[in-house]
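Participant: sequence and predicted structure below; questions after.
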Amino acid sequence: MNQQDITQLQSLVAGANKVVSFLGENPSYDAVCGATAFHLSLVKAGRKSDLVCGTELTVEYGSIFGVDEVKNKLEGGKNLVISLDYQDGAIDKVSYNAEGGKFNLVIIPKGEVQLSTDKISYSKTGFDADLVFVFGVRKLDELGVIYNQNRALFSERPVILITNLTDAEKLGKLNFINPTAPSVCEMVVSLLKVGNLAPDQDISTNLYQGIMKATESLQSERVNAVTLEAVAATLRAGARKIRDQRSEIRDQKLAQNLKTQESDQIKTEENILTGTDQPKTTNVYSSEATAVAAAANPPADWLKPRIYSTKNT
């Protein structure tokens, strides 16, 4: 971030009472951690904040604080949209009238076409905000249907992009694109500092989790000094090291295997002590002792002379 961008960002964040943040469809774990951390920071500062993702987030994201506040559509828009099934050329004209305190929208079909009232849906668009943030995408189309339904918002309000993806387009008023950063969360750590937004323990934990996930527990070759400084900042703010579900399952299986091995070992030691269930073995020493005793005490006629003869056939 250059100083001019930092000053402009500080001014925009300070003057925004209502902020909406967007995630791309099927976002990375790192991007979700960063966006929720920013959203929670705004709420903590007393701002109105919405966080939107065009796709449902799966159980994989369950350990992220604030993930239950992520919406899959914008609510509170001022424009009413009435939708119905349509075939090209099926409608002759559309008109309206006001009568008896009611606004009537009249759709007149062509010819013999019949319009069904069973397939009409309603929605609202025209959501408004003072400032728009977009996390972890290369272009606005990656937001999916959310972008298509709210194009006016992106053209009428300042948009700030936060991403570490290569080939990302400059799509907003401010574009913080840093392909050298191994994680979005690392960038959000700086964003909170510049925006004078103080993280609490939950927010710091999200940022820590995102960095660790994106860098494979800091084993990635992309890890640099800035990454380590970001991790240190989250830990100083109270970040907790939350183990993921796969690690828990692996440790449970390992513990069960160790418990089974320990149980088998105890049984073996008990058998040795009690002499039960001993495997049958051949006592080679006993066999040798029997042979020696037999040689020392030969039969009575063993020393008598013997006459051997050979018969010719």
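Facilitator: That came through, no problem.
Participant: okay but Gly34 is in contact with Tyr208, surely?
Facilitator: No - using C-beta atoms under 8 Å, Gly34 makes no contact with Tyr208, being 11.3 Å away. Yep, even glycine has a C-beta here, placed from its N, CA and C like the rest.
Participant: give me the low-pLDDT residue ranges for this structure?
Facilitator: Counting by pLDDT under 70, the low-confidence segments of the chain come to 1, 76-78, 123-127, 243-255, 258-259, 261-313.
Participant: again, only this time at 50
Facilitator: 284, 313 (pLDDT under 50).
Participant: just the helices in it please.
Facilitator: 3-15, 29-44, 145-149, 151-156, 184-194, 201-214, 225-236, 245-274, 284-296 (DSSP state H).
Participant: show me how far the shortest one is from its chain's centre.
Facilitator: The reference is to helix 145-149. 23 Å (C-alpha atoms, centre = their mean, to the nearest Å).
Participant: repeat that for the first one.
Facilitator: In terms of C-alpha atoms, centre = their mean, the centre of helix 3-15 is found 30 Å from the chain centre.
Participant: before we move on, the earlier item: neighbour count: Gly34 and Tyr208, which is higher?
Facilitator: Gly34 (33 against 25; other C-beta atoms under 10 Å).
Participant: if I look at the more buried one, how far off is Leu192?
Facilitator: 10 Å (C-beta to C-beta, to the nearest Å).
Participant: overlap of the contact sets of Gly34 and Tyr208?
Facilitator: Common neighbours of Gly34 and Tyr208 (criterion: C-beta atoms under 8 Å, 6 or more residues apart in numbering): Cys185.
Participant: and Val194, how many neighbours?
Facilitator: 16.
Participant: do the same with Arg236
Facilitator: Counted by other C-beta under 10 Å, the residues lying close to Arg236 total 10.
Participant: same check, this time on Glu75
Facilitator: Glu75: 9 surrounding residues under other C-beta under 10 Å.
Participant: tell me which residues are up against stretch 72-91.
Facilitator: For stretch 72-91, the surrounding residues in contact (C-beta under 8 Å, 6+ apart) are 20, 50, 52-56, 105, 107-110, 113, 115-116, 119-128, 146, 149-150.
Participant: tell me the buried residues within those residues.
Facilitator: Neighbour-count burial (16 or more other C-beta atoms under 10 Å) applied to those gives 20, 50, 52-54, 107, 125, 127, 146, 149-150.
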